[in-house]
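Engineer: What follows is a predicted protein model with its sequence.
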There are 2 protein chains.
Amino acid sequence: MVTIEQVAQHAGVSVATVSRTLNNSPAVKAATAQRVRQAIEELRYVPNQPARNLRRNESQVILALAPNFSNPYYSRILTGIGDRAWELEYSVLVCNTLGHANSELRFLKMLESHQADGAILLGCHWDYGWLARFAQQSHIVQCCEYVPDLACPSVSIDNYAATREMVAYLQGLGHSRIAMIGADNQYISTRLRRQGYLDILAEAGLEPRAELYRLADAEYSFASGLAAAQELLAETPRPTAIFCVSDILALSVISAAQELGLDVPGDLTVTGFDDVDYTTIVHPYLTTVSQPCHEMGRRSVDLLLDGLQNGKAVPSERTFLPHRLMKRESAAPPKFAETI
Amino acid sequence: MVTIEQVAQHAGVSVATVSRTLNNSPAVKAATAQRVRQAIEELRYVPNQPARNLRRNESQVILALAPNFSNPYYSRILTGIGDRAWELEYSVLVCNTLGHANSELRFLKMLESHQADGAILLGCHWDYGWLARFAQQSHIVQCCEYVPDLACPSVSIDNYAATREMVAYLQGLGHSRIAMIGADNQYISTRLRRQGYLDILAEAGLEPRAELYRLADAEYSFASGLAAAQELLAETPRPTAIFCVSDILALSVISAAQELGLDVPGDLTVTGFDDVDYTTIVHPYLTTVSQPCHEMGRRSVDLLLDGLQNGKAVPSERTFLPHRLMKRESAAPPKFAETI
DNA sequence: CCTCAAAATGTAATCCATTACATTTTTCTG
DNA sequence: CAGAAAAATGTAATGGATTACATTTTGAGG
């Protein structure tokens, strides 16, 4: 292995000069730098990054913890993170936690052992005391979700506003019997969407009915969506619209409806959330809320590195990025306009 | 920061003893180890991993290069890689190359700079001389794809056999006008699937016709599949079955068919490849070839670490994992059985 | 209780780069 | 051209662990 020492010898300078040349220090004379660069070239020297990092006490690595990056929603955010990190010459360690606390803990310990400089958390659990500790001691940014009272910057959309907008849109189409499929998890997005749904109903003078609010499992699985949909569609009178907190759930509702011979959107309006790829693969194309996933990922990186470089700027700044209502084919006015 | 020295002092031993305790050396007396562990506990000491790695000349990190991990096929393999690495206490740096040569190169350079111990390549490009160099100097494993004459182990399914099986199945259903949508890339899988298709047609005494073989773009995009499908469906006589080299392409064919008022599988049989999640979200459920993605990922890690530990075992061993024909709804006998 | 091998522990070199501080070289001024 | 300031370079300490080798401790056997 070629070391900096050998380069120094070959170029007839000291290791300090080689190091300075490597780091583009202005203190090196152009001619000397040239000689050093040539030596590097000739010996095919590649600096040992870990050695450098040890000395500088940094790793140039950031962690990205996600429950499951097979989920296209997360994978798009991770792509954004990866792209931005690439531009800034950082590496991203992607950690599939599967929502397991011990996975999250083990990955976050890499911060303590100096294997990573900071972490971006996508939809991680926060019921553990140790997370608050990490947030204090390390550089952490939350993406998609955030814990309200955690001193830790976050990037997300305004889930409350987006939900109100969507449900208001459905009301505007003439729907009044609007059901919702939420999810059995503690995410702030889930809570805010539920609140948005309830509030806008209330504002329209509609009593929210318990039988029109169902839960899918924590991971928004297709199967659990199917079950919830079947229950909702068995109600009489049937809801004319179902607002789902994820696109997969919306697809499961469409599937359940078709199973019953119902036409979407003719007999039933269905809306999703996130706007992942497969919302426009088969008809009816899904009416949904589009999140700027890629940008959210990029922003998280910027926020994290800001903190790393300038020493933890604003501790718990909340960044909300704009969402977009994607009006497509799965939502239409109800067949028999109801009177309110 | 707490260092090993402080632990040593606190426990009344030397740094060597602390280090040995950390690494579970049998040379340490049980009582001493106990004292050391207590000191570690009390001082909340966490070893500096980069320092250790520098000394040991390893990083405990492996690279996983993928063209695009938003693609569910890759993301499932990456999940397998991540899971196995997690078990073996390795970290995985996931690199989204987008198929760009300079991205691949920059990531692979992390091997030279000792930031990673080895790399797993998923469907990367191989037209560059430097890749052969890396394969020689570093520990690399190919997953999904492989370059025939590269001395580098690989894990994949037998694409040739799988394709023959699928096309034979279609022939068995009574199809003789079987079209294919391939992809405009140099992957060995693409080549082998094409060859399998051509060979089995030939063996059935059927002249392969150029107008029944179309190409989607290199990334199997939905849009390019749509275009190819439209061309194929405009042929007269129309093919009765279309074999696609990816599930997304198959979905695009179904979409194109429905646009023309054709029923799948009534009027047209469509098959995919890979068996990603969304093959069973809407009807008709896709008949396709299932790849053991998760296991392929896990195997790649094992193969890589074998090489790392035992110093490059079998240089270019090819591992083929079993695939499975998933007979579902999108394939059926042709409506008007043709005579051969 | 002595001797000696085995077991346990310690000392110091090592991994490879960065950087504070010291030293030399260059440049500029009068 | 001397002398001082500025620029360029060098020396050696440093980061935090591992480990070869040296040393001390322990315990068995006589």
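Structural biologist: Right, received. Where do you want to start?
Engineer: What is the least confident helix or strand in chain A?
Structural biologist: The weakest-scoring helix or strand in chain A, judged by mean pLDDT, DSSP states H and E, is helix A:129-137 (a mean of 84).
Engineer: do that one and chain B meet?
Structural biologist: No: Helix A:129-137 lies out of reach of chain B by C-beta under 8 Å from any C-beta of the partner chain, never closer than 10.7 Å. Placement of C-beta: from N, CA and C, glycine included.
Engineer: Next secondary structure after that helix?
Structural biologist: Per DSSP states H and E, helix A:129-137 leads on to strand A:139-143 as the next helix or strand towards the C-terminus.
Engineer: The host helix or strand of A:Phe320 - contacts with which helices or strands?
Structural biologist: Element membership of A:Phe320, judged by DSSP H and E, is strand A:318-321. Under the contact criterion of 3 or more C-beta pairs under 8 Å, 6 or more residues apart in numbering or on different chains; DSSP states H and E, strand A:318-321 touches strand A:154-157, helix A:293-310.
Engineer: Out of the ones you listed, which is the most enclosed?
Structural biologist: Of the helices and strands packed on strand A:318-321, the one with the most neighbours on average (mean count of other C-beta atoms under 10 Å in any protein chain shown) is strand A:154-157, at a mean of 25.
Engineer: out of the helices and strands packed on strand A:318-321, nearest to B:Leu121?
Structural biologist: For those, proximity to B:Leu121 was assessed by C-beta to C-beta; helix A:293-310 is nearest, at 23.6 Å.
Engineer: how much distance is there from the closest one to the middle of the chain?
Structural biologist: 12 Å (C-alpha atoms, centre = their mean, to the nearest Å).
Engineer: And for stretch A:32-43?
Structural biologist: Going by C-alpha atoms, centre = their mean, the spacing between the C-alpha centre of stretch A:32-43 and its chain's C-alpha centre is 44 Å.
Engineer: can you pull the buried residues of it?
Structural biologist: Going by neighbour count (16 or more other C-beta atoms under 10 Å in any protein chain shown), the buried part of stretch A:32-43 is A:Thr32, A:Ala33, A:Arg35, A:Val36, A:Ala39, A:Ile40.
Engineer: need those residues in CSV with secondary structure and pLDDT, can you?
Structural biologist: Below are those laid out as CSV (DSSP: H, G, I helix; E, B strand; the rest coil; pLDDT from 0 to 100):
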residue, secondary structure, pLDDT
A:Thr32, helix, 95
A:Ala33, helix, 96
A:Arg35, helix, 96
A:Val36, helix, 97
A:Ala39, helix, 96
A:Ile40, helix, 97
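Engineer: Closest to DNA strand D out of those?
Structural biologist: A:Thr32 (3.2 Å; C-beta to the nearest atom of the strand).
Engineer: on that earlier part again, just checking: what are the partner strands of the strand holding A:Phe320?
Structural biologist: Strand pairing for strand A:318-321, using DSSP bridges, gives strand A:154-157 (parallel).
Engineer: what comes into contact with the strand it pairs with?
Structural biologist: Strand A:154-157 is contacted by residues A:141-146, A:189, A:289, A:291-292, A:296, A:299-300, A:303, A:316-323 when judged by C-beta atoms under 8 Å, 6 or more residues apart in numbering or on different chains.
Engineer: For the residue most central in space within chain A, which residues are in contact?
Structural biologist: Centroid-nearest residue in chain A, with C-alpha atoms, centre = their mean: A:Cys144, separated by 4.4 Å. Shown in contact with A:Cys144 (C-beta under 8 Å, 6+ apart): A:Ile77, A:Leu122, A:Gly123, A:Val155, A:Ser156, A:Ser189, A:Met296.
Engineer: what does A:Pro333 give?
Structural biologist: Contacts of A:Pro333 (C-beta under 8 Å, 6+ apart): A:Leu173, A:Gly174, A:His175.
Engineer: any idea how far DNA strand D is from the nearest residue to the second one once chain neighbours are set aside?
Structural biologist: The one in question is A:Gly174. In this structure, A:Gly174 finds its nearest non-sequential neighbour in A:Pro333, 4.6 Å apart by C-beta to C-beta, 6 or more residues apart in numbering or on different chains. A:Pro333 is 66 Å from DNA strand D, where distance means C-beta to the nearest atom of the strand, to the nearest Å.
Engineer: circling back: need the residues that contact the strand holding A:Phe320.
Structural biologist: Residues outside strand A:318-321 that contact it (C-beta under 8 Å, 6+ apart): A:146, A:153-158, A:291-292, A:295-296, A:299, A:303.
Engineer: I'd say A:Pro50 and B:Ser59 touch.
Structural biologist: Yes: judged on C-beta atoms under 8 Å, A:Pro50 makes contact with B:Ser59 at a distance of 6.5 Å.
Engineer: Good, we can wrap up now.
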